[in-house]
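# below are the sequence and a predicted model; questions follow.
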Amino acid sequence: MSRNAKINALLLLAVAALAVLPLALGLGDHKEEPFAGADAEAETAITEIEPDYEPWFSPLYEPPSGEVESALFALQAAIGAGVLAYYFGLRRGRRQGAERARAATAVRDAPEGD
């Protein structure tokens, strides 16, 4: 197994552990909504500190349920990951194309042997 493959396997294992351990250890069982977003947590903390607080802005779109909100967030993350993957793939392809062009030019311009 190559060094890169070992690093990739360890990274994949770490990501899986980050996803599974909170569920397996029950790290949210004491809450009403254990995996609510940070926005909900912030809103709760603000209303505890300052009960009369009025937000400056309201959302442009309020999803009908938490499931729809989660799905939209996942879609946003997937689109972002796709854009990043496309960009890095494009850069790699251009770099490989430039290397092939340089190699072809070097072969073409090499002096012919006697």
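Noted; the coordinates are in hand.

# can you give me the strands in this protein?
Counting by DSSP state E, the chain has no strands to list.

# for it, which spans come out with low pLDDT?
For the chain, the stretches flagged by pLDDT under 70 are 28-37, 113-114.

# okay, helices next: where are they in it?
Along the chain, counting by DSSP state H, helices occupy 3-25, 38-49, 66-109.

# and of these, who's closest to Ser58?
Among these, the nearest to Ser58 by C-beta to C-beta is helix 38-49 (12.6 Å). Using the backbone N, CA and C atoms, a C-beta is placed for each residue, glycine as well.

# could you give the separation of that closest one from the chain centroid?
Computed by C-alpha atoms, centre = their mean, to the nearest Å, the chain-centroid distance of helix 38-49 equals 25 Å.

# include mean neighbour count and distance to Pro55 when you put the helices of the chain into JSON lines, please.
Shown next, in JSON lines, are the helices of the chain (neighbours: other C-beta atoms under 10 Å; distance: least, C-beta to C-beta, whole Å):
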{"stretch": "helix 3-25", "mean neighbour count": "10", "distance to Pro55": "29"}
{"stretch": "helix 38-49", "mean neighbour count": "10", "distance to Pro55": "9"}
{"stretch": "helix 66-109", "mean neighbour count": "10", "distance to Pro55": "17"}
